[in-house]
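Engineer: With the input below, show me the fold.
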Amino acid sequence: MHKILFSLAAILLPCFSVNAQTQSFTTINFPNTYTNTITTGLYTSNFRSGFIYQTNASINYGLTGPKASLFRFRWLAHDNGTIDYATDADQVMFLDGNGNLNFKGTLATGGNVGIGTAPTSEKVTIDMGATRGSVNMISDGDAAAYTDLKFSVKTTTGLTSGKPTAWLASFRKDGYFSNDLTGPTLEFYALKKDIGGYYAPLLFKSNGDVIIAGARNATNGSVAIGTTDPGEYKLAVKGSIGATKVKVTLTGWADFVFEPAYKLPSLSELDTYIKANKHLPGVPSATEVEKNGIDLGEMNKVLLQKIEELTLHLIDMKKEIGELKQQNKRLEQEIRKEKNDN
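Structural biologist: Numbering: from 1, shown residues only. Down below sits the predicted model:
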């Protein structure tokens, strides 16, 4: 292939002359009579390769779909004496009349592309060199989004209904899943097979917020850290969590203890219960905690209830102690009086 391309260059270069002052040039023309086979071009024995330009319909012979019309420019590589139009096996690269550039991998090196380097086993390899580089997608987009990066399943017949057929990273204007209309958002979501709808697990809002939820009736999952199974939890962490503040919201609090109708367990009742169960009433046992863990919000409410009950007992005890002090004071006064009378 390299030898053929060098030969093509050797033929073409003498035919092009450019004059900087007059802007004149000359071209080389290959007359073509295409029917089912290539009759003109660059070839050696039964191997043919060349850049082919054609404006009539004959170059599209036997092709179907988008390739059946509007061909303008093709790079063919062929090795069996007859061009295989029906299977399109000889297409290496073609440019159609709409400006679409297409690569075909049958006779290319695995159909792979190398930019700044030779092709590798990957479909596209980009060598940025010794300096910092980037891949930049620039677009003004449409009313909904600027641009999308899409990962799709080619053959979906084996996928269960409702499973993702494609994942998209969408740079959006409309805040479709995040409900953020103040600026561009980056939203990751998936398309569901057959039933329609979305999975929308990860959204980056324009103010820097990271959201793991989505509007538009999208299905939202859970987050697991250090484990592959979040279970019934929206956030499951296998390991420690460091925080300077944790806020738990819940309905109801333990202030009902101070209501007049609340029946405060007596200390003797508590003594009996503790001896029988080895824990306070309403508080989970050690066995239950080891098995089920604890609900921080609910546990704090239970502990507060016990503190409030204990506070009421202390208030009652203070009253009893006060009464005892008064009784003791009266007794002391009576004793002193009797001593003085004697």
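Engineer: switch to C-alpha atoms for all contacts and neighbour counts from now on
Structural biologist: Noted.
Engineer: which residues of the stretch 201-342 of the chain fall in strands?
Structural biologist: Using DSSP state E, counting those that start in this stretch, the strands of the stretch 201-342 of the chain run over residues 210-211, 223-225, 235-237.
Engineer: Can you lay out those strands as CSV showing distance to H279 and mean pLDDT?
Structural biologist: Converted to CSV, those look like this (distance: least, CA to CA, whole Å; pLDDT from 0 to 100):
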stretch, distance to H279, mean pLDDT
strand 210-211, 41, 92
strand 223-225, 33, 93
strand 235-237, 29, 93
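Engineer: now those as TSV including mean neighbour count and distance to D142?
Structural biologist: Listed next are those as TSV, based on neighbours: other CA atoms under 10 Å; distance: least, CA to CA, whole Å:
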stretch	mean neighbour count	distance to D142
strand 210-211	14	24
strand 223-225	15	32
strand 235-237	15	36
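Engineer: Sketch out the low-pLDDT regions of this structure for me.
Structural biologist: Scanning the chain with the threshold set as pLDDT under 70 gives 1-111.
Engineer: Give me the domain ranges for it.
Structural biologist: According to automatic domain parsing, the chain comprises the domains 2-126, 145-237, 254-335.
Engineer: Check the burial of V153 by counting its neighbours.
Structural biologist: When neighbours are defined as other CA atoms under 10 Å, V153 has 11 of them.
Engineer: how much space between A190 and D142?
Structural biologist: Distance of A190 to D142, computed by CA to CA, to the nearest Å: 20 Å.
Engineer: Wait, a helix at A200?
Structural biologist: No - applying DSSP: H, G, I helix; E, B strand; the rest coil, one finds A200 to be strand, outside a helix.
Engineer: so who does it touch?
Structural biologist: By CA atoms under 8 Å, 6 or more residues apart in numbering, the residues touching A200 are 177, 187-190, 212-214, 218-220.
Engineer: and the residue lying closest to S152 once chain neighbours are set aside, helix, strand or coil?
Structural biologist: Spatial nearest neighbour of S152, chain neighbours left out: A166 (4.2 Å); criterion: CA to CA, 6 or more residues apart in numbering. In three-state terms, and counting by three-state DSSP, A166 is strand.
Engineer: How many neighbouring residues does A166 have?
Structural biologist: 17.
Engineer: Roughly how far does it sit from T287?
Structural biologist: A166 sits 46 Å away from T287, taking CA to CA as the criterion.
Engineer: Quick one: the strands of the stretch 201-342 of the chain as a markdown table, columns for distance to V124 too.
Structural biologist: Below are the strands of the stretch 201-342 of the chain laid out as a markdown table (distance: least, CA to CA, whole Å):
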| stretch | distance to V124 |
| --- | --- |
| strand 210-211 | 31 |
| strand 223-225 | 32 |
| strand 235-237 | 37 |
